[in-house]
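J.: one predicted model, sequence on top.
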Amino acid sequence: MRLSIINIFFISVNQVLVVLLVLLACLLLHNSLKASTQLKTVHRQSHGFAAEDLPAEEAGTDDVVPVIICASEERTGATMATINSIISNTDASVFFYIVTLRDAVKIARSYIEKTKLKGIQYKILEFNPMVLKGKVKPDSSRPDLLHPLNFVRFYLPLLGISHRRAIYVDDDVIVQGDIKDLYDIKLKAGHAAAFASDCDLPSTHEMVRSIGMQTTYMGFLDYRKQEVKDLAINPNDCSFNPGVFIADIKEWKKQKITKQLEKWMEENFRQNIYSSAMAGGVATPPMLIVFHDKYTALDPLWHVRHLGWSPDAHYSESFLQDAHLLHWNGPFKPWNYPAVHSDLWERWFIPDPSGRFTLTRPDRDS
């Protein structure tokens, strides 16, 4: 009898030890997974991005159109006009990745939550400008082109999105077509992006020539520099504007596009092979170099640009009605005065509930 009691005791102890070992294993597994998640978060932040925790859920399916757009503190109203134009002209489900700097995170979120945009799907990402250290030189000719958010387009895979591809648009854009049609454009095999060539739309050539806008590589790179000559790019090759494009995220990663872009930023920092005094500023030339002869051409009606290069040069109204996307690239923005075709932009403007972002018009300087 005493032996049976002892056996029962040892069996009970063994069972308790098994339970304790199982619990210990679960605890170790939990801590390991937690540490792994923290490492991933830190890795993302070290490359310049941190996600703002918002109630919206992102979905990595082909049914969702992911759109990446920046929102600087001084131009948040422009970003919201772009978003409004996109959601108003499509029945597709659109998910917005809104990239901003730390000071503007709350401003962007408040603008959305206190206006008609409160129902959109979105996530706010904070960009750390320290990622640009040693890559961008100060340049006084167009300081707006040196804003850190101008370089977000170089770092798309580091946003941590789960979609196979995404659309990037600048904040001075209005979308008049269905964004799903743009998203559905097929990229050629081996291409990481699709852009609209500066030479593909004859309807714009006369206006572009009248304002002296460059449409070839000669207007962006300094062909006196040996580094540029070594590229063997014909200076008369047509350029493109990277303010609107489709990115294949998987192919971008595979080709290490971000590393290639950073290489040319660092090269320019040392050798000054381009500058913001040239036609496209300092964000365009690296894209032109890396994607030369390696991109899919978009229908040019999906990027009708140069609306912001002159306060006097106009497109025909019929042409603008046919355009799927309008881009006020250049110094004359449609929320300021003077500017051309500002009525087409203003129809999508949503007044800033905080009053920070206001329009400048000839009858009201505010």
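T.: Structure's in. What do you need?
J.: those helices in the stretch 201-350 of the chain, which residues are they?
T.: Taking DSSP state H, counting those that start in this stretch, the helices of the stretch 201-350 of the chain run over residues 202-210, 226-229, 249-254, 257-271, 284-290, 317-322, 342-346.
J.: is it true that Y111 touches E73?
T.: No. Contact between Y111 and E73 fails when scored by Cβ atoms under 8 Å: they sit 10.8 Å apart. For every residue, glycine as well, the C-beta is placed using N, CA and C.
J.: which of those two has more residues huddled nearby?
T.: Ranked by neighbour count (other Cβ atoms under 10 Å), Y111 and E73 place Y111 first, with 26 against 16.
J.: what helices or strands is the helix or strand that contains the more buried one leaning on?
T.: Assigned by DSSP states H and E, Y111 falls within helix 105-113. Helices and strands touching helix 105-113, by 3 or more Cβ pairs under 8 Å, 6 or more residues apart in numbering; DSSP states H and E, are helix 76-88, strand 93-100, strand 121-127.
J.: dump those to JSON lines, plus distance to D352.
T.: Rendered in JSON lines, the data for the helices and strands packed on helix 105-113 read as follows (distance: least, Cβ to Cβ, whole Å):
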{"stretch": "helix 76-88", "distance to D352": "5"}
{"stretch": "strand 93-100", "distance to D352": "15"}
{"stretch": "strand 121-127", "distance to D352": "17"}
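J.: quick one, which of these gets closest to S318.
T.: With Cβ to Cβ as the measure, helix 76-88 is the member of the helices and strands packed on helix 105-113 nearest S318 (19.6 Å).
J.: from the contact counts, what lies against the closest one?
T.: Helices and strands touching helix 76-88, by 3+ Cβ pairs under 8 Å, 6+ apart, are strand 64-70, strand 93-100, helix 105-113, strand 173-175.
J.: P300: which of the ones you listed is closest?
T.: Closest to P300 of the helices and strands packed on helix 76-88 is strand 173-175 (Cβ to Cβ; 14.6 Å).
J.: same for that closest one, what does it pack against?
T.: helix 76-88, strand 325-327.
J.: pull up the pairing partners for it, direction included.
T.: strand 325-327 (antiparallel) (DSSP bridges).
J.: could I get the helices and strands packed on strand 173-175 as JSON lines with mean neighbour count?
T.: Converted to JSON lines, the helices and strands packed on strand 173-175 look like this (neighbours: other Cβ atoms under 10 Å):
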{"stretch": "helix 76-88", "mean neighbour count": "23"}
{"stretch": "strand 325-327", "mean neighbour count": "23"}
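J.: the ones you listed: which one's closest to V105?
T.: Using Cβ to Cβ, the helices and strands packed on strand 173-175 put helix 76-88 closest to V105, at 10.7 Å.
J.: ok, residues contacting that closest one?
T.: Helix 76-88 has contacts (Cβ atoms under 8 Å, 6 or more residues apart in numbering) with 67, 69-72, 94, 96, 98, 104, 107-108, 111-112, 115-117, 120, 169, 171-176, 179, 333, 335, 345, 348-352, 356-358.
J.: show me which of these are buried.
T.: Among the contacts of helix 76-88, those buried by neighbour count (16 or more other Cβ atoms under 10 Å) are 67, 69-72, 94, 96, 98, 104, 107-108, 111-112, 117, 120, 169, 171-176, 179, 333, 335, 345, 348-350, 352, 357.
J.: tell me the secondary structure at F357.
T.: With DSSP: H, G, I helix; E, B strand; the rest coil as the basis, F357 sits in coil.
J.: now stretch 71-81, how far from the centre of its chain.
T.: Centroid separation for stretch 71-81 versus its chain: 13 Å, with Cα atoms, centre = their mean, to the nearest Å.
J.: so how far does stretch 66-79 reach from one end to the other?
T.: Stretch 66-79 has an end-to-end distance of 15 Å (criterion: Cα to Cα, to the nearest Å).
J.: equivalent analysis for stretch 271-286, please.
T.: In stretch 271-286, first residue to last residue: 14 Å (Cα to Cα).
J.: could you give the average pLDDT over it?
T.: Across stretch 271-286, the average pLDDT comes to 78.
J.: swap in stretch 92-100?
T.: 98.
J.: run through who's touching it.
T.: Contacts with stretch 92-100, where a contact means Cβ under 8 Å, 6+ apart, come from 49, 56, 58-59, 63-73, 79, 83, 86-87, 107-108, 120-127, 149, 152, 159, 161, 166, 178-180, 183.
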